[in-house]
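Participant: Let's see this in three dimensions:
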Amino acid sequence: MPWNKKPASQERSSNPADSNQSNHTIAHNNVDHGDGIRVACPQMCIYCFDVLIAYVQRQSDPPKPSFTDEAYPLFVTWKTSDQHLRGCIGTFSGRRLHAGLRDYALNSAMKDSRFSPVRKEEIPGLSCTVSLLTDFQEANDYLDWEIGVHGIRIEFKNEHGHHRSATYLPEVAKEQEWTKIETIDSLLRKGGYRGYISSAFRASIQTTRYCSQKVTVSYNEYLQYRQQISQTGNY
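Facilitator: Below is the predicted model:
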């Protein structure tokens, strides 16, 4: 279902552990939601590649895509061919997918403060992952989520009393082989907390869990799709 909860601020992934695992069989990357609805599709990554290539070549925006323009929270992740993170930025605000993917394809490639902007010559070595965030639920506590199933977003006050938040996408804890407590503690550090992490402090955290539909396309796969698209005229 499209997103209709209250919007939250833009989020940035923390490190390569936040990036999405490449799937080389993209025909199976459409994620089937529990209600049977498939939303994430390879054409979304194709569109992100088109947007990035048009930008670095100083061309006009690509044509409007044909996939759904419903609103979802989303992340766009760029990775190198050896699976190193090259940029990942997203938003918990529901964004219509056409404009949202256009904006975050560029934000993640050009404005992730951990990296220099992606150069034109790098693009053939990249893959693109689109993650659509769904099924948001307030957790009962910081342990009320399942590794490998849920992403989590935590909100807390740091040692100076300032409100902070941080998130990991659903695959992160499993890829890093973390326990739930290790994941929470890593998120606290990611969110800027530098104090002692006690059981009582963990219990004060507000935790939201969510699921993700994810699709990944490499540059070579992008070229294959572009050839198909040129024959049909549609994304």
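
Participant: Could you find the closest non-adjacent residue to residue 107?
Facilitator: residue 89 (4.6 Å; CB to CB, 6 or more residues apart in numbering). For the C-beta atoms, the positions are set from N, CA and C on the backbone; glycine is no exception.

Participant: okay, now the one you found: neighbour count?
Facilitator: 24 (other CB atoms under 10 Å).

Participant: Which strand residues bridge it?
Facilitator: residue 12, residue 76 (DSSP bridges).

Participant: My understanding was that it contacts residue 110; is that so?
Facilitator: No - using CB atoms under 8 Å as the test, residue 89 is too far from residue 110 to be in contact (9.6 Å).

Participant: Which residue ranges of the protein form strands?
Facilitator: 10-12, 71-80, 85-96, 126-138, 151-157, 163-168, 206-218 (DSSP state E).

Participant: can you redo those as TSV with mean pLDDT?
Facilitator: Listed next are the strands of the chain as TSV, based on pLDDT from 0 to 100:
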stretch	mean pLDDT
strand 10-12	47
strand 71-80	96
strand 85-96	95
strand 126-138	96
strand 151-157	97
strand 163-168	95
strand 206-218	97
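
Participant: Distance to residue 227 for these - can I get that in CSV?
Facilitator: Shown next, in CSV, are these (distance: least, CB to CB, whole Å):
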stretch, distance to residue 227
strand 10-12, 34
strand 71-80, 22
strand 85-96, 25
strand 126-138, 17
strand 151-157, 34
strand 163-168, 36
strand 206-218, 13
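
Participant: Indicate which one of those is closest to residue 56.
Facilitator: Residue 56 lies closest, by CB to CB, to one member of those: strand 126-138, at 11.5 Å.

Participant: mind listing what's buried in that closest one?
Facilitator: 126-136 (16 or more other CB atoms under 10 Å).

Participant: Geometrically speaking, which residue is the centre of the protein?
Facilitator: Centroid-nearest residue in the chain: residue 75, 2.7 Å away (criterion: CA atoms, centre = their mean).

Participant: hang on, isn't that one packed against residue 90?
Facilitator: Yes - judged on CB under 8 Å, residue 75 makes contact with residue 90 at a distance of 2.9 Å.

Participant: Run through this protein and note the low-pLDDT ranges.
Facilitator: 1-36, 233-235 (pLDDT under 70).

Participant: which residue ranges form the helices in it?
Facilitator: Ranges of helices in the chain, per DSSP state H, are 42-56, 97-110, 172-176, 180-190, 199-203, 219-232.

Participant: what's the closest of those helices to residue 71?
Facilitator: Per CB to CB, nearest to residue 71 of the helices of the chain: helix 97-110, 7.5 Å.

Participant: Report the buried residues of the closest one.
Facilitator: Buried residues in helix 97-110, counted by 16+ other CB under 10 Å: 97-98, 100-110.

Participant: repeat for stretch 200-215
Facilitator: Buried positions in stretch 200-215, judged by neighbour count with 16+ other CB under 10 Å: 201-202, 205, 207-215.

Participant: From those residues, pick the one nearest residue 224.
Facilitator: residue 215 (14.9 Å).

Participant: so how far is residue 98 from the closest one?
Facilitator: 16 Å (CB to CB, to the nearest Å).

Participant: now swap in residue 62 and tell me
Facilitator: 11 Å.

Participant: List the contacts of residue 212.
Facilitator: Taking CB atoms under 8 Å, 6 or more residues apart in numbering as the contact definition, residue 212 lies against 31, 131-134, 151, 169-171.
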